[in-house]
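Visitor: This is the structure alone, sequence omitted:
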């Protein structure tokens, strides 16, 4: 096989290799049996392989480098987005915890109001029980006084009846 033709400045082959015309059939591509020419094709010159590889690389390398750079930018952007997302998530968690704290404060106010009401009721009940105790004591004292007066009245009546009952006169 012959050496490929001239390359363009970017390393890509500009035309067909020397010795191959536009209408010339390629060696090994004749109407003969498929096994003919295989050995010739397998013994390709190193220089031709090197030039073909350079041409292939020069053709695809810029696109691959641009793709690599684009992927790197996308990866950087993705990292930035992930960081931003984590910050937003932490803000939401913070807001949620603030809502929980607000709920706790609201609940604390509610229970504080209940405690104040219970304390007022307890003070009111204490005052009522104190008044009732005083009244009960006064009533007890009044009953005792009335009982004592009744007892004294009975004794007086008994004494009076005693004095009024006829007694035999003493004989002298």
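Guide: Right, received. Where do you want to start? Predicted, not measured: the structure shown is a model, and the values here were computed from it. Residues are numbered from 1 along each chain as shown.

Visitor: Do you know the pLDDT at residue 6?
Guide: The predicted local distance difference test score for residue 6 is 50.

Visitor: And the spatially most central residue of the chain, how far from residue 81?
Guide: By C-alpha atoms, centre = their mean, the chain has its centre lying nearest to residue 93, at 4.7 Å. Between residue 93 and residue 81 the distance, using C-beta to C-beta, to the nearest Å, works out to 18 Å. Heads up, the C-betas are built off the backbone N, CA and C, glycines and all.

Visitor: Can you find the helix or strand in this protein with the smallest mean pLDDT?
Guide: Scoring the helices and strands of the chain by mean pLDDT, DSSP states H and E places helix 38-42 at the bottom, with a mean of 54.

Visitor: Next secondary structure element downstream of that helix?
Guide: Sequence-wise, the next helix or strand beyond helix 38-42 is helix 46-164, with elements assigned using DSSP states H and E.

Visitor: Mind checking the pLDDT average for that following helix?
Guide: Rounded mean pLDDT across helix 46-164 is 93.

Visitor: Tell me which other helices or strands it touches.
Guide: Helices and strands touching helix 46-164, by 3 or more C-beta pairs under 8 Å, 6 or more residues apart in numbering; DSSP states H and E: there are none.

Visitor: Now do that helix: distance to the chain's middle.
Guide: From the chain centre to the centre of helix 46-164 is a distance of 18 Å (C-alpha atoms, centre = their mean, to the nearest Å).

Visitor: repeat for stretch 146-165
Guide: Its chain's C-alpha centre and that of stretch 146-165 lie 91 Å apart, by C-alpha atoms, centre = their mean.

Visitor: residues in contact with that stretch?
Guide: Contacts of stretch 146-165 with the rest of the structure, by C-beta atoms under 8 Å, 6 or more residues apart in numbering, involve no residue at all.

Visitor: number of nearby residues for residue 129?
Guide: Taking other C-beta atoms under 10 Å as the criterion, the count of residues near residue 129 is 11.

Visitor: any idea how far it is from residue 119?
Guide: Residue 129 sits at a distance of 15 Å from residue 119 (criterion: C-beta to C-beta).

Visitor: No further queries at this time; thank you.
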